[in-house]
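Chemist: Next one to model:
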Amino acid sequence: MRTYRVVQWATGNIGTRALRGVIEHPALDLAGVYVHSEAKSGRDAGDLCGLKPTGVTSTTDVDEIVALGADCVLYMPRSCDFDEVCRLLGAGTNIVTTRGEFHHPGSLFPEVRKRVEDACEQGGTSIHSTGSSPGFITEAVPLVLASIQRRLDGLLIDEFA
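Modeler: You can find the predicted model right below:
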(Lines give C-alpha, C1' and ligand atoms only; values in the text may rest on other atoms or scores of the structure.)
Protein backbone atom coordinates (compact mmCIF):
# COMPACT_ATOMS: atom_id res chain seq x y z
CA MET A 1 0.00 0.00 0.00
CA ARG A 2 1.35 3.42 -0.96
CA THR A 3 1.53 5.97 1.81
CA TYR A 4 1.25 9.72 1.38
CA ARG A 5 3.24 12.27 3.37
CA VAL A 6 0.79 14.82 4.72
CA VAL A 7 1.13 18.11 6.58
CA GLN A 8 -1.70 19.46 8.71
CA TRP A 9 -1.90 23.26 8.33
CA ALA A 10 -3.66 24.78 11.35
CA THR A 11 -5.13 23.04 14.37
CA GLY A 12 -8.39 24.77 15.12
CA ASN A 13 -11.66 22.87 15.36
CA ILE A 14 -11.60 21.38 11.86
CA GLY A 15 -7.82 21.04 11.66
CA THR A 16 -7.62 19.14 14.94
CA ARG A 17 -10.15 16.60 13.70
CA ALA A 18 -8.28 16.26 10.41
CA LEU A 19 -4.97 15.83 12.27
CA ARG A 20 -6.44 12.98 14.29
CA GLY A 21 -7.65 11.38 11.06
CA VAL A 22 -4.21 11.61 9.45
CA ILE A 23 -2.48 10.09 12.48
CA GLU A 24 -4.95 7.20 12.60
CA HIS A 25 -5.05 6.47 8.84
CA PRO A 26 -2.76 3.63 7.71
CA ALA A 27 -2.07 5.14 4.25
CA LEU A 28 -1.12 8.58 5.57
CA ASP A 29 2.21 9.50 7.12
CA LEU A 30 2.17 12.73 9.12
CA ALA A 31 5.15 14.75 7.88
CA GLY A 32 4.53 18.01 9.76
CA VAL A 33 2.10 20.35 11.50
CA TYR A 34 1.88 24.10 10.92
CA VAL A 35 0.38 26.18 13.72
CA HIS A 36 -0.26 29.90 14.01
CA SER A 37 0.28 30.40 17.73
CA GLU A 38 3.56 30.31 19.61
CA ALA A 39 1.72 28.49 22.41
CA LYS A 40 1.20 25.49 20.09
CA SER A 41 4.63 25.65 18.44
CA GLY A 42 6.97 22.82 19.37
CA ARG A 43 4.20 20.59 20.72
CA ASP A 44 3.79 17.00 19.61
CA ALA A 45 1.04 16.44 17.02
CA GLY A 46 -0.59 13.77 19.15
CA ASP A 47 -0.77 16.16 22.08
CA LEU A 48 -2.52 18.75 19.90
CA CYS A 49 -5.36 16.38 19.02
CA GLY A 50 -5.70 14.18 22.10
CA LEU A 51 -3.72 11.17 20.89
CA LYS A 52 -0.48 9.56 22.05
CA PRO A 53 2.81 11.23 21.01
CA THR A 54 3.79 10.87 17.35
CA GLY A 55 7.30 12.32 17.36
CA VAL A 56 6.15 15.04 14.93
CA THR A 57 6.32 18.50 16.45
CA SER A 58 4.45 21.57 15.28
CA THR A 59 6.04 24.70 13.88
CA THR A 60 5.21 28.28 12.96
CA ASP A 61 7.94 28.27 10.29
CA VAL A 62 6.55 28.16 6.75
CA ASP A 63 10.02 27.46 5.31
CA GLU A 64 10.26 24.34 7.49
CA ILE A 65 6.94 23.05 6.14
CA VAL A 66 7.83 23.76 2.50
CA ALA A 67 11.20 22.00 2.97
CA LEU A 68 9.43 18.79 4.04
CA GLY A 69 8.43 18.11 0.43
CA ALA A 70 5.15 16.52 1.54
CA ASP A 71 2.72 15.07 -0.97
CA CYS A 72 -0.14 17.11 0.43
CA VAL A 73 -1.01 19.87 2.86
CA LEU A 74 -4.40 19.82 4.56
CA TYR A 75 -4.87 23.60 4.45
CA MET A 76 -7.42 24.57 7.11
CA PRO A 77 -6.59 28.00 8.55
CA ARG A 78 -9.15 30.47 9.89
CA SER A 79 -8.48 32.76 6.92
CA CYS A 80 -6.98 32.10 3.51
CA ASP A 81 -3.57 33.50 2.60
CA PHE A 82 -3.10 33.19 -1.16
CA ASP A 83 0.65 33.83 -0.83
CA GLU A 84 0.91 30.73 1.37
CA VAL A 85 -1.29 28.72 -0.97
CA CYS A 86 0.73 29.68 -4.05
CA ARG A 87 4.02 29.03 -2.27
CA LEU A 88 2.94 25.50 -1.30
CA LEU A 89 1.54 24.71 -4.74
CA GLY A 90 4.55 26.16 -6.55
CA ALA A 91 6.90 24.08 -4.38
CA GLY A 92 5.22 20.85 -5.51
CA THR A 93 2.81 20.25 -2.63
CA ASN A 94 -0.83 19.46 -3.41
CA ILE A 95 -3.51 21.04 -1.22
CA VAL A 96 -6.71 19.64 0.21
CA THR A 97 -8.70 22.42 1.84
CA THR A 98 -11.93 23.24 3.56
CA ARG A 99 -11.54 26.93 2.71
CA GLY A 100 -14.70 28.16 1.00
CA GLU A 101 -12.78 30.33 -1.46
CA PHE A 102 -11.93 27.22 -3.46
CA HIS A 103 -15.40 25.61 -3.56
CA HIS A 104 -16.28 27.72 -6.62
CA PRO A 105 -13.03 28.77 -8.35
CA GLY A 106 -14.93 30.96 -10.79
CA SER A 107 -15.86 33.28 -7.94
CA LEU A 108 -12.21 34.11 -7.18
CA PHE A 109 -10.89 37.42 -8.46
CA PRO A 110 -9.42 36.65 -11.90
CA GLU A 111 -5.92 37.77 -10.91
CA VAL A 112 -5.99 35.58 -7.78
CA ARG A 113 -7.26 32.59 -9.72
CA LYS A 114 -4.51 33.09 -12.31
CA ARG A 115 -1.85 33.18 -9.55
CA VAL A 116 -3.18 29.93 -8.09
CA GLU A 117 -3.40 28.24 -11.50
CA ASP A 118 0.13 29.40 -12.37
CA ALA A 119 1.43 28.01 -9.06
CA CYS A 120 -0.28 24.68 -9.79
CA GLU A 121 1.33 24.56 -13.22
CA GLN A 122 4.74 25.48 -11.81
CA GLY A 123 4.62 22.81 -9.11
CA GLY A 124 2.67 20.17 -11.03
CA THR A 125 0.08 20.30 -8.26
CA SER A 126 -3.64 20.64 -7.62
CA ILE A 127 -6.17 21.82 -5.06
CA HIS A 128 -9.05 19.70 -3.85
CA SER A 129 -11.70 21.75 -2.08
CA THR A 130 -14.01 19.91 0.26
CA GLY A 131 -16.01 20.35 3.41
CA SER A 132 -19.14 19.10 5.06
CA SER A 133 -20.78 18.17 1.77
CA PRO A 134 -20.90 21.71 0.36
CA GLY A 135 -24.21 22.31 -1.35
CA PHE A 136 -25.83 19.21 0.13
CA ILE A 137 -26.39 19.52 3.86
CA THR A 138 -27.50 23.15 3.72
CA GLU A 139 -29.45 23.01 0.46
CA ALA A 140 -30.72 19.57 -0.54
CA VAL A 141 -31.38 17.75 2.75
CA PRO A 142 -33.63 20.45 4.26
CA LEU A 143 -35.82 20.46 1.15
CA VAL A 144 -36.21 16.69 1.22
CA LEU A 145 -37.02 16.70 4.93
CA ALA A 146 -39.48 19.56 4.48
CA SER A 147 -41.27 17.68 1.70
CA ILE A 148 -42.41 14.94 4.09
CA GLN A 149 -44.08 17.39 6.48
CA ARG A 150 -47.81 17.99 6.49
CA ARG A 151 -47.21 21.48 7.75
CA LEU A 152 -44.09 23.62 7.89
CA ASP A 153 -44.20 26.93 9.72
CA GLY A 154 -40.55 27.79 9.25
CA LEU A 155 -37.15 26.47 8.36
CA LEU A 156 -33.96 27.79 9.93
CA ILE A 157 -30.52 26.68 8.73
CA ASP A 158 -27.40 27.60 10.68
CA GLU A 159 -23.97 27.07 9.18
CA PHE A 160 -20.98 26.86 11.47
CA ALA A 161 -17.43 27.23 10.26
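Chemist: buried sites along the longest helix seen in the chain?
Modeler: If you go by DSSP state H, the chain has its longest helix at helix 110-123. Across helix 110-123, burial judged by 16 or more other Cβ atoms under 10 Å covers 113, 115-116, 119-120, 123. Any C-beta I mention is one placed from the backbone N, CA and C, and that applies to glycine too.
Chemist: Same question for stretch 5-12.
Modeler: 6-11.
Chemist: from the residues you listed, which single one is nearest residue 106?
Modeler: residue 9 (24.3 Å; Cβ to Cβ).
Chemist: any idea how far the closest one lies from residue 151?
Modeler: Per Cβ to Cβ, to the nearest Å, residue 9 is found 47 Å from residue 151.
Chemist: cool, residue 75 as well?
Modeler: With Cβ to Cβ as the criterion, residue 75 and residue 151 are 44 Å apart.
Chemist: These two: which is more packed in?
Modeler: residue 75 (28 against 4; other Cβ atoms under 10 Å).
Chemist: Is that one in contact with residue 101, as I believe?
Modeler: No: Residue 75 lies out of contact with residue 101 (Cβ atoms under 8 Å); the separation is 10.6 Å.
Chemist: burial measure for residue 53, as a count.
Modeler: 11.
Chemist: let me redo that: residue 98
Modeler: 20.
Chemist: hang on, the earlier thing: what's the distance between the longest helix of the chain and the middle of its chain?
Modeler: Mean-position distance between helix 110-123 and its chain equals 18 Å (Cα atoms, centre = their mean, to the nearest Å).
Chemist: Over to stretch 56-66?
Modeler: Counting by Cα atoms, centre = their mean, stretch 56-66 comes out at 16 Å from the chain centroid.
Chemist: Kindly report the same for stretch 68-86.
Modeler: Centre to centre, stretch against its chain (Cα atoms, centre = their mean), the figure for stretch 68-86 is 7 Å.
Chemist: Next, the distance between the ends of that stretch.
Modeler: End-to-end distance for stretch 68-86, by Cα to Cα, to the nearest Å: 16 Å.
Chemist: Now do it: everything it contacts.
Modeler: If you take Cβ atoms under 8 Å, 6 or more residues apart in numbering as the criterion, stretch 68-86 is touched by 4-10, 12, 14-15, 18-19, 22, 31-32, 34, 36, 62, 65, 88, 91-99, 101, 112, 115-116, 118-119, 127.
Chemist: Double-check that residue 87 belongs to a helix.
Modeler: Yes: assigned with DSSP: H, G, I helix; E, B strand; the rest coil, residue 87 falls within a helix.
Chemist: Can you report how many residues lie near it?
Modeler: 17.
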